[in-house]
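Enquirer: Make a model of this:
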Amino acid sequence: MAVDLNADVGEGMDDRALLPFLTSANVACGLHAGDPTVMDTTVAEALERGVCVGAHPGYADRENFGRVRMDISPEAVERLVLYQIAALEGFVRSRRSEKGALLTDPDEAAEQAMHLARDRFVLAEDGSRVEVDADTICLHGDTPGAPGIAQRIRERFRREGVAVAPPETYSSRQAKGAG
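Expert: Coordinates of the predicted model:
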């Protein structure tokens, strides 16, 4: 059995002591709490620790921490959420585009993917091993050479006997009694 240990972060507190214990973090997106500097710092600290980053959107209501009902249309709520998710995505992308964050050499990417899938670790920039229990490997479609990288990974997986299949859905896990 596994469970995601998650917290709402980036709300102006010092989250550094909390992040090492989390597997994912919802980063406040600047309207109810946080600001661009806090968002960027929190994203950087989370990614450095291998913590998955998600959005924690809120109403534009700092005074009440986004916790009071606001009389706005569903369309306006949708735009608020989209706006905040896009802002957070910008910080995540900027951090992932730092030197060494994305692998663009197909052989290097295939080697790293193999370590992740079979050996359950990735190599950090300093050469140290970081244990990772992942079920998904994400390729960025906007990475130059992405199709070649994907092809090399699939070839390497086939050669090494690593199956590639979509993740189980919640309903299929539930049907098997694991939900």
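
Enquirer: what about the residue lying farthest from the centre of the chain, distance to Y59?
Expert: Computed with Cα atoms, centre = their mean, the maximum C-alpha offset from the centroid of the chain is found at D71, amounting to 32.0 Å. When distance is defined by Cβ to Cβ, to the nearest Å, D71 is 11 Å away from Y59. The way it works is simple: take the backbone N, C-alpha and C, and place the C-beta from them, glycine included.

Enquirer: By mean pLDDT, point me to the weakest helix or strand of the protein.
Expert: Sorted by mean pLDDT, DSSP states H and E, the helices and strands of the chain end with helix 170-175, the least confident at a mean of 44.

Enquirer: in the sheet, who's paired with the residue nearest the centre of the chain?
Expert: Compute the mean C-alpha point of the chain, and by Cα atoms, centre = their mean the closest residue is C52, 3.7 Å away. Each beta-bridge partner of C52 is listed here, defined by DSSP bridges: S24.

Enquirer: Hmm, it is touching L19, no?
Expert: No. C52 lies out of contact with L19 (Cβ atoms under 8 Å); the separation is 11.3 Å.

Enquirer: Ramachandran angles for the residue farthest from the centre of the chain?
Expert: Phi and psi for D71, reported as degrees, to the nearest 10, are phi -90, psi 80.

Enquirer: pLDDT score assigned to it?
Expert: According to the per-residue confidence, D71 scores 86 in pLDDT.

Enquirer: Quick check: P57 vs V77, distance?
Expert: For P57 relative to V77 (Cβ to Cβ), the value is 9 Å.

Enquirer: Oops, could you answer that again for E48 instead?
Expert: Going from E48 to V77 by Cβ to Cβ gives 32 Å.

Enquirer: Can you give me every residue that contacts the residue nearest to the centre of the chain?
Expert: If a contact means Cβ atoms under 8 Å, 6 or more residues apart in numbering, then C52 has 23-25, 46 as its contacts.

Enquirer: Run through this protein and note the low-pLDDT ranges.
Expert: Counting by pLDDT under 70, the chain contains low-confidence ranges at 1, 65-66, 96-102, 125-126, 142, 167-179.

Enquirer: Tell me if P166 really is in a strand.
Expert: No. With DSSP: H, G, I helix; E, B strand; the rest coil as the criterion, P166 is assigned coil and is not in a strand.

Enquirer: Pull up the overlap in contacts between C52 and L19.
Expert: A shared contact of C52 and L19, defined by Cβ under 8 Å, 6+ apart, is any residue touching both; here these are 25, 46.
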